[in-house]
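Colleague: Sequence first, predicted model second:
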Amino acid sequence: MNDAEFREQTRFFDQISQACPVPKGARVRLLSMPDDPDPLPPGSEGTVTGGNGSQIWVKWDSGRSLILLPGVDRYTVLSEPSGEPR
């Protein structure tokens, strides 16, 4: 992720409820999951099913359900719940 993408993602997160940093139904792509002992491969995509201030719950297209940890795991939001691309 370059600096412009990071700034855009940060602005996006600043506008979202503190309950979950990514809205339910948004599509995400994993960039890295450094601290997980059994991580998903980079490039994995999934749909946000909910979350709280410290976790983003994702149903991955591979069939796994695994949380993202904001500030630890790197990911990008691909589309809003409406299906609009980012």
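Modeller: Received, thanks.
Colleague: list the buried ones in stretch 51-71?
Modeller: 51, 56-58, 66-68, 70 (16 or more other Cβ atoms under 10 Å). For glycine as for every other residue, the C-beta is placed from the backbone atoms N, C-alpha and C.
Colleague: With secondary structure as added columns, please give these in a markdown table.
Modeller: Formatted as a markdown table, these follow (DSSP: H, G, I helix; E, B strand; the rest coil):
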| residue | secondary structure |
| --- | --- |
| Gly51 | strand |
| Ile56 | strand |
| Trp57 | strand |
| Val58 | strand |
| Leu66 | strand |
| Ile67 | strand |
| Leu68 | strand |
| Pro70 | strand |
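Colleague: Check these and tell me the two furthest apart.
Modeller: Maximum pairwise distance among the buried residues of stretch 51-71 (Cβ to Cβ): 14.1 Å, between Leu66 and Pro70.
Colleague: Name the helix or strand for the nearest residue to Ala26 once chain neighbours are set aside, please.
Modeller: Nearest residue to Ala26 in three dimensions, chain neighbours excluded: Val48, at 4.7 Å (Cβ to Cβ, 6 or more residues apart in numbering). Per DSSP states H and E: Val48 is located in strand 45-51.
Colleague: which helices and strands does that strand pack with?
Modeller: Packed against strand 45-51 by the contact rule (3 or more Cβ pairs under 8 Å, 6 or more residues apart in numbering; DSSP states H and E) you find strand 27-32, strand 56-60.
Colleague: quick one, which of the ones you listed is nearest to Phe6?
Modeller: strand 27-32 (11.0 Å).
Colleague: What pairs with that closest one, parallel or antiparallel?
Modeller: Counting by DSSP bridges, the strands paired with strand 27-32 are strand 45-51 (antiparallel), strand 74-79 (antiparallel).
Colleague: export the ones you listed to JSON lines and tack on mean pLDDT and distance to Ala26?
Modeller: Putting the strands paired with strand 27-32 into JSON lines (pLDDT from 0 to 100; distance: least, Cβ to Cβ, whole Å) gives the following:
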{"stretch": "strand 45-51", "mean pLDDT": "93", "distance to Ala26": "5"}
{"stretch": "strand 74-79", "mean pLDDT": "94", "distance to Ala26": "6"}
